[in-house]
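Novice: I'll drop the sequence and a predicted model, then ask my questions.
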Amino acid sequence: MAKTEFDIIIYGATGFTGRLVAEYLSNHYESRDDAPSWAMAGRSLEKLEAVRDEIGAPASTPLVVADADDMASLEAMCERTKVVLTTVGPYQLYGDSLVEACVKTGTDYTDLCGEPTWMREKIDQFGDAAKASGARICFSSGFDSIPFDLGVLMAQKEAAKRFGKPAPRVRGRVRAMAGGASGGTVASMTETMKAVAKNPKLINVLRSSFGLTPGFEGPSQPSGMVPTYEKDLDKWAAPFVMAAINTKNVHRTNFLLGHPYGEDFVYDEMVLTSPGEAGKKMANAAAEMMKNPFGAKPPKPGEGPSKEERENGFYDVLFVADMPDGESLHYGVKGKYDPGYGSTSRMIAETAIGLLSCQAEGGIGTPGSFMGEDLVKRLEEHADLTFALEN
């Protein structure tokens, strides 16, 4: 179905992350020839008007009223746009009807979901229907899991150039990061645990790195939960809280693209500390923290860092592509701004814009499987990410 009114509708624009996305589109694309047409959507027209004025968006910015509990309003919203960008999570509480509406109307969709059990349910429920309608449903379009999904994709491209074939083993290692977890991430993890408690069968999706590749189970993968000294890097590696979702998305991209990394591909993610006993102590402390990664007072949905904290944040991720003969290459992905909000809001906005020119077929995919290197170029040009071969 042709859609001409808007390119993108930001659903959840009155929330903390949603307003950052709207502010980014308003500021970054103001007066640009390639600016997408966009609108802000949410449950309350009054709140939408207030946020529009607070972020300095033009008074002419279109506002759309839609409610997650009102299927008719969601379908009407989808009929008006090419892409729905939603920041309304946890998605297992508020996302079912919107995915269904996008699939039904053939509307592209992108979100910030880090909830693998819900994602698997939607893959099983709507995968075929999305292919039939042409809707491209693009989960996990923020810090989880774009830098990791695209970082592996680019590292493997370089491995194929240098070694003539992809690396059967890639290690994702967070070298540095400033910025805390978002309240939405905490809420999503909490709801996932509740869902597993109600339906213990979902634990298999959480445990397996191949929980998002229905019909395919690859080789045994490292758990990433045991502190390890990595001799080649001369650093200790500790568990990384986002690994459980990122690894699944990396394997899903490989799966959807026809296994360009190989069917025997092995991947894990950890955080690097430092050498020696000090690094070992830090790694062990990080492993202990995984029992309660967000502390006694985790952030609540809607809460977030100040503008100064967002702008001073950053992240630096290393991907080590290991070949069987002992050769390897290093590939780095770095991002300006704090990962949970400042960078995430830019990444999802650019994902939505990328979908406008994407030629991939409909279905439920990942940023890597739908757009790949084209999205890398967008993020480097617009969102202050860098992707670079290091050795």
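Specialist: That came in fine, so what should we check first? Numbering: from 1, shown residues only.
Novice: then the helix-or-strand element of the chain with minimal mean pLDDT to CSV, C-alphas only?
Specialist: For the chain, using mean pLDDT, DSSP states H and E, the weakest element among its helices and strands is helix 183-198, scoring a mean of 76. Extracted in CSV, the C-alpha atoms of helix 183-198 (Å, rounded to 0.1, in the frame of the first residue of the first chain):
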residue,chain,number,x,y,z
GLY,A,183,15.1,2.6,32.8
GLY,A,184,13.5,0.9,29.8
THR,A,185,16.2,-1.7,29.7
VAL,A,186,15.7,-2.5,33.4
ALA,A,187,11.9,-2.7,33.0
SER,A,188,12.3,-5.0,29.9
MET,A,189,14.6,-7.4,31.8
THR,A,190,12.2,-7.4,34.7
GLU,A,191,9.2,-8.3,32.5
THR,A,192,11.2,-11.0,30.7
MET,A,193,12.0,-12.7,34.0
LYS,A,194,8.3,-12.5,34.9
ALA,A,195,7.4,-14.1,31.6
VAL,A,196,9.8,-16.9,32.1
ALA,A,197,8.4,-17.5,35.6
LYS,A,198,5.0,-17.9,34.0
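Novice: next SSE after that helix?
Specialist: For helix 183-198, the succeeding helix or strand toward the C-terminus, using DSSP states H and E, is helix 203-207.
Novice: Mind giving me the packing neighbours of that following helix?
Specialist: Here helix 203-207 is seen to pack against helix 116-133, helix 183-198 when contacts are counted using 3 or more C-beta pairs under 8 Å, 6 or more residues apart in numbering; DSSP states H and E. Any C-beta I mention is one placed from the backbone N, CA and C, and that applies to glycine too.
Novice: okay, and for the chain, where does confidence drop off?
Specialist: 1-3, 180-184, 292-299, 301-302 (pLDDT under 70).
Novice: could you redo the last one with a cut-off of 50?
Specialist: 1 (pLDDT under 50).
Novice: Which strand or helix spans residue 171?
Specialist: Per DSSP H and E: strand 169-178 holds residue 171.
Novice: on that earlier part again, got the buried residues for the least confident helix or strand of the chain?
Specialist: 183-189, 191-192, 195-196 (16 or more other C-beta atoms under 10 Å).
Novice: As a markdown table, these with distance to residue 13 would be great.
Specialist: Formatted as a markdown table, the buried residues of helix 183-198 follow (distance: C-beta to C-beta, whole Å):
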| residue | distance to residue 13 |
| --- | --- |
| 183 | 17 |
| 184 | 15 |
| 185 | 19 |
| 186 | 21 |
| 187 | 18 |
| 188 | 19 |
| 189 | 24 |
| 191 | 22 |
| 192 | 25 |
| 195 | 27 |
| 196 | 31 |
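Novice: and those residues, which two are the farthest apart?
Specialist: Within the buried residues of helix 183-198, 183 and 196 form the most distant pair, 20.7 Å apart (C-beta to C-beta).
Novice: Residue 346 contacts residue 378, correct?
Specialist: No - counting by C-beta atoms under 8 Å, residue 346 does not reach residue 378; the two are 10.0 Å apart.
Novice: surely residue 382 meets residue 346?
Specialist: Yes - using C-beta under 8 Å, residue 382 is in contact with residue 346, at 7.2 Å.
Novice: Residues that sit against both of these two, list them.
Specialist: When contacts are counted by C-beta atoms under 8 Å, 6 or more residues apart in numbering, residue 382 and residue 346 are jointly contacted by residue 28.
Novice: ok, those two, which is more surrounded?
Specialist: residue 346 (24 against 18; other C-beta atoms under 10 Å).
Novice: Residue 383 and residue 370: what is the separation?
Specialist: 17 Å (C-beta to C-beta, to the nearest Å).
Novice: do the same with residue 174
Specialist: 25 Å.
Novice: what do you get for residue 335?
Specialist: In terms of C-beta to C-beta, residue 335 sits 20 Å off from residue 370.
Novice: Over to residue 69?
Specialist: Distance, residue 69 to residue 370, using C-beta to C-beta: 29 Å.
Novice: Could you check which of these two is surrounded by more residues?
Specialist: residue 370 (27 against 9).
Novice: List the contacts of the more buried one.
Specialist: Applying C-beta under 8 Å, 6+ apart, the residues near residue 370 are 136, 138, 354-355, 358, 360.
Novice: likewise residue 192?
Specialist: By C-beta under 8 Å, 6+ apart, the contact list for residue 192 reads 90, 92, 115-118, 206.
Novice: For residue 162, which non-adjacent residue is spatially closest?
Specialist: Closest residue in space to residue 162, ignoring its immediate chain neighbours: residue 329 at 6.1 Å, by C-beta to C-beta, 6 or more residues apart in numbering.
Novice: Looks to me like the one you found is in a strand.
Specialist: Yes - counting by DSSP: H, G, I helix; E, B strand; the rest coil, residue 329 falls inside a strand.
Novice: looking at this structure, which residue lies furthest from center?
Specialist: Computed with C-alpha atoms, centre = their mean, the residue of the chain farthest from its C-alpha average is residue 277, at 34.2 Å.
Novice: so which helix or strand takes in that one?
Specialist: helix 276-289.
Novice: That helix: how far from the chain's middle?
Specialist: Taking C-alpha atoms, centre = their mean, to the nearest Å, the mean C-alpha location of helix 276-289 is offset from the chain mean by 27 Å.
Novice: Helix, strand, or coil at residue 83?
Specialist: Classification of residue 83 using three-state DSSP returns strand.
Novice: okay but it is in contact with residue 109, surely?
Specialist: Yes - proximity of residue 83 to residue 109 meets the contact threshold set by C-beta under 8 Å, at 7.1 Å.
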